[in-house]
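Enquirer: Turn this into a structure:
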Amino acid sequence: MSIDPVVFVPGMMCDARLFAPQIADLSRDRVVSVAPITRGDRIEEIASGLLDHLPRRFALAGLSMGGIVAMEILRRAPDRVTRIALMDTNSLAETPQSAAGYEPVVAKLRAGMVAEAVDMMLGRDVLAPGPQRAEILAQVVAMAEGLGPDVLVRQVRALQRRRDYQAVLRRCQVPALVLCGAVDGLTPPKRHDFMAGLIPAARLCVIEGAGHLPVLERPEETTAALRDWLTQPLLLHGRTED
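Expert: A predicted model of the protein is given here:
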């Protein structure tokens, strides 16, 4: 059985450091890369730019905004995606009301207040409570500051304009993992149960003790779920390929 490379797609305000525990583990026995979502102010533009540089065929794993970009890649190039993992994300388009809710974040970013913008996105009930919460928030702030306010504003604009991906998920014919933290208040488990129900070959995994960033909050459990996903047989028109 051939081992396809794994491409991770980080969420808004994040870079490759988001997946540091998974990269350290999975790179022992397979090729792993991280696709940046820093160019373009529409999801379609970001995905199109990435496809020019990604391998011919690959396993695709995206978290949050990265999951939305992953769904757009699947829509554009389903023949190149051998399996897909969607983590703490959302297949629905923004409503006018929810899109407008990002404007205070944009205002903070335009004022150069990156840490405050991160806190607005990940504060309150988004990450799991506990001693590591402050450390993870600090990691996200460091990643966000590295990207800079201009990139972050473009990411927000892309999220506000995103399309609905329910039809894309219904057409998905590859092994799919739908994963989220049990206490994710931004993209809660019920939303992932809905997404998993749309995909013909999906497995739902809820990580206890984690919120919106289980890759950092519960790295061992998340990596184990990803390894299980990577060993599932490929699907071909209703049949399996070992």
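Enquirer: is it true that Gln173 lies in a strand?
Expert: No: judged by DSSP: H, G, I helix; E, B strand; the rest coil, Gln173 forms no part of a strand; its state is coil.
Enquirer: And Met120, its phi and psi?
Expert: Dihedral pair for Met120: phi -70, psi -40, per degrees, to the nearest 10.
Enquirer: ok, which stretches of the chain are helices?
Expert: 20-26, 43-51, 65-76, 96-100, 103-110, 114-122, 132-147, 149-160, 166-170, 189-198, 214-217, 219-230 (DSSP state H).
Enquirer: Export the ones you listed as a markdown table, with columns for distance to Val178.
Expert: Where C-beta positions appear, they are placed from N, C-alpha and C, glycine not excepted. Converted to a markdown table, the helices of the chain look like this (distance: least, CB to CB, whole Å):
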| stretch | distance to Val178 |
| --- | --- |
| helix 20-26 | 17 |
| helix 43-51 | 19 |
| helix 65-76 | 9 |
| helix 96-100 | 21 |
| helix 103-110 | 26 |
| helix 114-122 | 21 |
| helix 132-147 | 22 |
| helix 149-160 | 19 |
| helix 166-170 | 9 |
| helix 189-198 | 4 |
| helix 214-217 | 12 |
| helix 219-230 | 10 |
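Enquirer: Nearest to Pro36, out of these?
Expert: Smallest distance to Pro36 across the helices of the chain (CB to CB): 8.0 Å, for helix 43-51.
Enquirer: same for that closest one, what does it pack against?
Expert: When contacts are defined as 3 or more CB pairs under 8 Å, 6 or more residues apart in numbering; DSSP states H and E, helix 43-51 packs onto helix 65-76, helix 149-160.
Enquirer: per-residue confidence for the most centrally placed residue in the chain?
Expert: The centroid of the chain falls nearest to Leu63 when counting by CA atoms, centre = their mean (1.4 Å). Note on Leu63: pLDDT of 98.
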